[in-house]
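[1] using only what follows, build the 3D model:
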Amino acid sequence: MNDNDKAKLMRPRPVRESASEMTEIVLPNDANVLNALLGGRLMHWIDLAGAMAAHRHSRQHVVTASIDHLDFLVPVRVGDFVILRSSVNRVFHTSMEVGVKVWVENYRAEESRHVSSAYLTFVAVDVAGNRLPVPPVIPETEEEKRRYDGAARRREMRRAESARRKEVRS
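    Model prediction:
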């Protein structure tokens, strides 16, 4: 890769360039015996939606480093649509925080409800697994700026929690 290609790869990008949307229909194989979406399946979809935004922003291979706390707010039933919207909130050098918001759409009842939100950390890597720098993200809207600022606070909380866990283990 020449210097011009490297410079192009590292140019700052607006949040909107990473925005991704994914829709899934809940099939019987995705559900438990109560015909509700399995939590693990939703977690898988959240990871995929987050990875799409991270790939779009970094233009590199990415791996999931962490997923923050996850609550399931409303049940999702067989036949419902699950809509996952993701975008990069902030970049920290080789890592980036991605926000994913999940909605359930019952097209028969013409209603949509918030199911879950998650913050994931992805790291850009080369084919050997070595970390790669990620271009800065540019928040433009007030909402993007709020999420950008919140990402720095969440990163500090993650670091403090990690240090606490290390201390407990030793």
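[2] need the pLDDT of Met1.
    Note on Met1: pLDDT of 66.
[3] all strands for this structure, in order.
    Secondary structure of the chain (DSSP state E): strands at 13-14, 20-25, 61-67, 81-91, 95-106, 111-125, 137-138.
[4] format those strands as a markdown table; extra columns: mean neighbour count.
    (C-beta placed from N, C-alpha, C; glycine too.) Output for the strands of the chain, formatted as a markdown table (neighbours: other CB atoms under 10 Å):
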| stretch | mean neighbour count |
| --- | --- |
| strand 13-14 | 18 |
| strand 20-25 | 16 |
| strand 61-67 | 16 |
| strand 81-91 | 23 |
| strand 95-106 | 22 |
| strand 111-125 | 19 |
| strand 137-138 | 19 |
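[5] which one, of these, ends up nearest to Arg165?
    strand 61-67 (12.1 Å; CB to CB).
[6] which residues sit against the closest one?
    By CB atoms under 8 Å, 6 or more residues apart in numbering, the residues outside strand 61-67 that reach it are 43, 46-47, 50-51, 54-55, 95, 118-127, 129, 158.
[7] residue nearest the centroid of the chain?
    Closest residue to the average C-alpha location of the chain: Gly50 at 3.0 Å, with CA atoms, centre = their mean.
[8] just give me how far stretch 9-25 sits from the chain centre.
    Centroid separation between stretch 9-25 and its chain, computed with CA atoms, centre = their mean, to the nearest Å, is 10 Å.
[9] that's all I had, so thanks and see you.
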